[in-house]
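No letters, just coordinates:
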């Protein structure tokens, strides 16, 4: 008896023409295809792997999107690349634009982890925020923030934040961003040594 061949297909295969639409039955082939796509989930990651990026200047009381490509250190991790068409699915890791774009409608877990330093010696409280931008309308905040106080330029610290976002209300896409701000009186230089922003579908 021969070795069984795996029947699982890629998302691209499932969203192609492998299943013809059936408009006569109670459950159509199109419905089965979309259910299978949903069950396979969506995921994406961007990260900073180098350890010594260039400084990113952050003005006081200003929330800034973290530059994952500062000094060309950012990278795309695994993703479930989607396309904009009638069967829009998946996500697109996009470190060059400091975001992960989600095409799927559903619920996604977002995880942010960053190892960072500051170049100044002031005592600074840094706040990190997970933001989402629905169809390009601008950043909004579901409330998944975290903060850490830095007291010396020689120290390195780790922060993490996570939460679930709802993408069912978008028309085309939801962008996920990692942002940072501080409460010091002047500009401070933020240095991300290592970091990862990832999403994966949970519902």
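Noted; the coordinates are in hand. All figures in this text were calculated on a predicted structure; none of them were measured in a lab.

now the helices for this structure?
11-14, 29-40 (DSSP state H).

Give me the mean pLDDT for the longest one.
Across helix 29-40, the average pLDDT comes to 65.

Which parts of this protein belong to which domain?
9-40, 42-201 (automatic domain parsing).

In this structure, which strand is the longest?
Looking across the chain with DSSP state E, the single longest strand is strand 188-201.

Quick one: mean pLDDT for that strand?
92.

Okay, buried residues for that strand please.
Across strand 188-201, burial judged by 16 or more other Cβ atoms under 10 Å covers 188, 190, 191, 192, 193, 194, 195, 196, 197, 198, 199, 201. The C-beta positions use only the backbone N, C-alpha and C, and glycine is treated the same way.

Can you give the distance from it to the centre of its chain?
Mean-position distance between strand 188-201 and its chain equals 10 Å (Cα atoms, centre = their mean, to the nearest Å).

Ok, stretch 125-143 next?
11 Å.

One more: stretch 131-144?
With Cα atoms, centre = their mean, you get 12 Å for stretch 131-144.

swap in stretch 176-192?
The answer for stretch 176-192 is 19 Å, by Cα atoms, centre = their mean.

end-to-end on it?
18 Å (Cα to Cα, to the nearest Å).

give the contact list for the residue nearest to the spatial centre of the chain.
Nearest to the geometric centre of the chain sits residue 100, at 3.8 Å (Cα atoms, centre = their mean). By Cβ atoms under 8 Å, 6 or more residues apart in numbering, the residues touching residue 100 are 44-46, 79, 91-94, 175-176, 197-199.

Kindly recompute the last result at 6 Å.
Residues near residue 100 by Cβ atoms under 6 Å, 6 or more residues apart in numbering: 44, 91, 93, 176, 199.

ends of stretch 175-193, how far apart?
End-to-end for stretch 175-193, by Cα to Cα: 23 Å.

what's in contact with it?
Everything outside stretch 175-193 that qualifies as a contact, by Cβ under 6 Å, 6+ apart, is 48, 51, 53, 55-60, 63, 65-66, 99-101, 110, 112, 114-120, 122, 124-129, 131-133, 197, 199.
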